[in-house]
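Enquirer: Build me a structure from this.
(one chain, ligands or ions: 1)
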Amino acid sequence: MKNINNYENKKDYWNPELYDNNHSFVSDYGSSLIELLKPDSNETILDLGCGTGDLANQIYKHTPNVVGIDKSYQMINQARKKYPCIPFAVKDITHFDSLQSFDAVFSNATIHWIKQPEKALENIYKYLKPGGRFVAEFGGKRNVQTITNEFIHQLQEKNINYNHEQFPWYFPSIGEYTSLMENTGFTVTFAEYFDRPTPLVGEQGLNNWINMFSNKMFENLKEDTKRMIIKSTEDKLKPKLYDGKQWIADYKRIRVMGVK
Ligand code: BEZ
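Expert: Modelled structure (predicted):
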């Protein structure tokens, strides 16, 4: 495994405490994806983008041969502390190199962070055994668009340079992504696109979500400008997305399964 140390010890945008305390819904929703995966007791499974390890731990209850990888050292550090029985490694799937191959690659809420989807699919395919399966859920076309459109609008209104390269995510349509899977060699056996309105708990819900997930969009902003943009985004979105108790984010999901 060549690149294992490339990201080890690197500081990154991820905050594992904020993730576990305020965004545990990410793995709560992912539990039902494990029902689609149906892990068997003798299978080897790669959890791609395992975060702080909660879903890898659920898979571990079906099979002890689960390995978790994530690009964030900070998330992996937390996963190792929480679940010392499971091997976790800091790895980027687009540079993935492994001596092991897998019966299944599982991925929840990660694929939309990978802006080289072909490269990721190539490596997923490469490290699956023949007959192995790829099971994933991630953000699809128009995911969280009410939030991101308003956010970009606020930047532009305040004459702050915004370049589409800063958009941190890849949200494909179901047709686009399943075509990429087929071009890679997969037989697509399942594909679904659906709305999943997602509660962001409390009055600070949207603020916490933006701080947790959208740092790349503020990369070059001073702290007070960032706060001002978040505040005006919240003010504009409150009538649309706040129900008096919590924010409801307009998540759109894609679920796929492909077989090698
Ligand atoms: C998602 O899971 O769809 C997502 C999470 C954070 C930012 C954007 C999308």
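Enquirer: Return the residues of the stretch 151-260 of the chain in contact with the ligand.
Expert: Within reach of the ligand by C-beta under 6 Å from any ligand atom, the stretch 151-260 of the chain has these residues: 169, 213, 251. Where C-beta positions appear, they are placed from N, C-alpha and C, glycine not excepted.
Enquirer: Of those, which belong to helices?
Expert: F213 (DSSP state H).
Enquirer: Same list as before, the residues of the stretch 151-260 of the chain next to the ligand that is, but in CSV and with pLDDT included.
Expert: As requested, these are exported to CSV (pLDDT from 0 to 100):
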residue, pLDDT
W169, 96
F213, 84
Y251, 97
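Enquirer: Let me have the residues of the stretch 151-260 of the chain next to the ligand in CSV, adding neighbour count as columns.
Expert: Below are those laid out as CSV (neighbours: other C-beta atoms under 10 Å):
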residue, neighbour count
W169, 18
F213, 20
Y251, 19
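Enquirer: Looking at the residues of the stretch 151-260 of the chain next to the ligand, which one is closest to S41?
Expert: When these are compared for distance to S41 (C-beta to C-beta), Y251 wins out at 32.5 Å.
Enquirer: Give the other helices and strands that the strand or helix carrying F106 contacts.
Expert: Using DSSP states H and E, the element containing F106 is strand 102-108. If you count contacts as 3 or more C-beta pairs under 8 Å, 6 or more residues apart in numbering; DSSP states H and E, strand 102-108 packs onto helix 25-37, strand 45-48, helix 54-60, strand 128-139.
Enquirer: Tell me which of the ones you listed sits most buried.
Expert: A comparison of the helices and strands packed on strand 102-108 by mean neighbour count, using mean count of other C-beta atoms under 10 Å, puts strand 45-48 on top with a mean of 28.
Enquirer: Sheet-wise, list the partners of it with their directions.
Expert: When sheet partners are counted by DSSP bridges, strand 45-48 sits next to strand 66-70 (parallel), strand 102-108 (parallel).
Enquirer: re earlier: tell me which residues are up against the strand holding F106.
Expert: 26-27, 29-30, 33-34, 37, 39-40, 43-49, 55, 59, 67, 124, 127-129, 132-138 (C-beta atoms under 8 Å, 6 or more residues apart in numbering).
Enquirer: For the ligand, what's the nearest residue on the protein?
Expert: G139 (3.2 Å; C-beta to the nearest ligand atom).
Enquirer: For that residue, give its distance to L241.
Expert: Separation of G139 from L241 (C-beta to C-beta, to the nearest Å): 16 Å.
Enquirer: swap in P39?
Expert: Applying C-beta to C-beta, the value for P39 to L241 is 36 Å.
Enquirer: residues in contact with the residue positioned nearest the centre of the chain?
Expert: Residue closest to the average C-alpha location in the chain (C-alpha atoms, centre = their mean): T110, at 2.4 Å. Listed by C-beta under 8 Å, 6+ apart, the contact set of T110 reads 48-49, 136, 138.
Enquirer: got those as TSV, with pLDDT columns?
Expert: TSV is the format used below for the contacts of T110 (pLDDT from 0 to 100):
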residue	pLDDT
L48	98
G49	97
A136	98
F138	98
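Enquirer: Let me know the closest of these to K119.
Expert: Using C-beta to C-beta, the contacts of T110 come closest to K119 at L48, 13.0 Å.
Enquirer: and the gap between that closest one and N123?
Expert: 9 Å.
Enquirer: contacts for the helix or strand of the chain with the lowest mean pLDDT?
Expert: The helix or strand with the lowest mean pLDDT-type score in the chain, counting by mean pLDDT, DSSP states H and E, is helix 16-22 (a mean of 73). By C-beta under 8 Å, 6+ apart, the surrounding residues in contact with helix 16-22 are 26, 51-52, 74-75, 77-78, 201, 208, 211-212.
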